[in-house]
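Enquirer: Based on what follows, work out the 3D shape:
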Amino acid sequence: MIYIAADHAGYELKKVLIEHFKSKGAAVEDMGAYEFNADDDYPDFIYPCAFRVAQGKEDGSLGIVIGGSGQGEAMVANKVKGVRAAVYYGGNLDIVRLSKEHNDANVLSLGARFLSVDKAKEAVDLWLATKFSAEERHVRRINKITNIEDERL
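Expert: Residues are numbered from 1 along each chain as shown. This is a model prediction of the structure:
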């Protein structure tokens, strides 16, 4: 399942990406915002989305969160235990690939004010197609992140 959420800055891109996912036959759930409201606050939508990703992590659930820069959205998502959110707001797509391949990111945070629709589609398609390498060094590092979350250093 792909969970997707956005605030007012990412609202239009979120609608486009939902249709993009549906056209590819992907299971997607809209976590809000459900209408444009210039005064909304991204944590109200991003946290529930990230929480659902964490709940479904054994089933391979993923999340796409969208805001103006994607930075605040990633910060909120990363507060949820079990979430590893990476930010993309343009430039080299290797960062998107590596976020999944090396860090097993389960949330991709997009900066809508810095991405064209086509670049956003390209980024999410690459991210969704990329698999975690499961190399020992990357597993070791992710386990250390999990230990930090569990406060067992």
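Enquirer: pLDDT at residue 152, what is it?
Expert: On the pLDDT scale, residue 152 is placed at 58.
Enquirer: which stretch of helix or strand covers residue 95?
Expert: If you go by DSSP states H and E, residue 95 is part of helix 94-101.
Enquirer: And the next helix or strand past that helix?
Expert: strand 107-111.
Enquirer: now the angle between helix 94-101 and that following strand, please.
Expert: Using axes from the mean of the first three to the mean of the last three C-alpha atoms, to 10 degrees, the inter-axis angle of strand 107-111 relative to helix 94-101 is 160 degrees.
Enquirer: What strands flank strand 107-111, and is each parallel or antiparallel?
Expert: Strand 107-111 has the following strand partners under DSSP bridges: strand 62-67 (parallel), strand 85-88 (parallel).
Enquirer: Deepest in the core, which of these is it.
Expert: strand 62-67 (a mean of 28; mean count of other C-beta atoms under 10 Å). The C-beta positions use only the backbone N, C-alpha and C, and glycine is treated the same way.
Enquirer: Excluding its own residues, what touches that strand? List them.
Expert: 1-7, 9-10, 13-14, 17, 42, 45-46, 49-50, 52-53, 73-74, 76-77, 83, 85, 106-112, 124, 128 (C-beta atoms under 8 Å, 6 or more residues apart in numbering).
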